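Participant: Sequence unavailable; structure follows:
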């Protein structure tokens, strides 16, 4: 049996005990125990969801290659593309950016309208790094 089915079996047994209990105080205590147990089950399920979400964020963060601009390269098993770090950092949303014209590394985020570059930019033989 799984943990959840075990937990529901226990709650069912507690409920039946409470229904059969002749002493009102025992019945009330069993009902309180049942309610507490159900609350613990619900909290456990919520924490599992949050843990899965954090694991997913950590996995995605490992696939992001950042540079000096507000654009990062996202690499997973199947594809590689540029994303907006503003959207990732603020909402943990991966938004693929659009390349602006020309042979430069300028990009625009369709979500937050951020315009930035990827990597380094040279102007007059001086490297300008965006911070």
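Facilitator: Received it, and whenever you're ready, just let me know what you need. What you are looking at is a predicted structure, and each value in this text was computed from that prediction instead of being measured.
Participant: give me the element the residue nearest to the spatial centre of the chain is part of.
Facilitator: Closest to where the C-alpha atoms of the chain average out (Cα atoms, centre = their mean) is residue 53, at 3.5 Å. Under the assignment given by DSSP states H and E, the secondary-structure element containing residue 53 is helix 24-62.
Participant: other SSEs contacting that helix?
Facilitator: Using 3 or more Cβ pairs under 8 Å, 6 or more residues apart in numbering; DSSP states H and E as the contact criterion, the elements in contact with helix 24-62 are helix 3-20. To be clear about C-beta, it is placed using only N, CA and C from the backbone, and glycine gets the same treatment.
Participant: and the angle from the helix it packs on to helix 24-62?
Facilitator: Angular relation of helix 3-20 and helix 24-62 on a 0 to 180 degree scale: 170 degrees, by axes from the mean of the first three to the mean of the last three Cα atoms, to 10 degrees.
Participant: just use 752 as the starting number from now, easier for me
Facilitator: Done: numbering now begins at 752, and the last item shifts to helix 754-771.
Participant: So what touches helix 754-771?
Facilitator: When contacts are defined by Cβ atoms under 8 Å, 6 or more residues apart in numbering, helix 754-771 is touched by residues 752, 778, 781, 782, 784, 785, 788, 789, 792.
Participant: so after the helix holding residue 804, what's the next helix or strand?
Facilitator: Moving toward the C-terminus from helix 775-813, the next helix or strand (DSSP H and E) is strand 815-817.
Participant: in its sheet, what does that next one sit against?
Facilitator: Each strand paired with strand 815-817, and its direction, by DSSP bridges: strand 822-826 (antiparallel).
Participant: buried residues in the partner strand?
Facilitator: Counting neighbours by 16 or more other Cβ atoms under 10 Å, one finds that the buried residues in strand 822-826 are 822, 823, 825.
Participant: Stretch 762-781 too?
Facilitator: The neighbour-count check on stretch 762-781 (16+ other Cβ under 10 Å) flags 762, 765, 769, 781 as buried.
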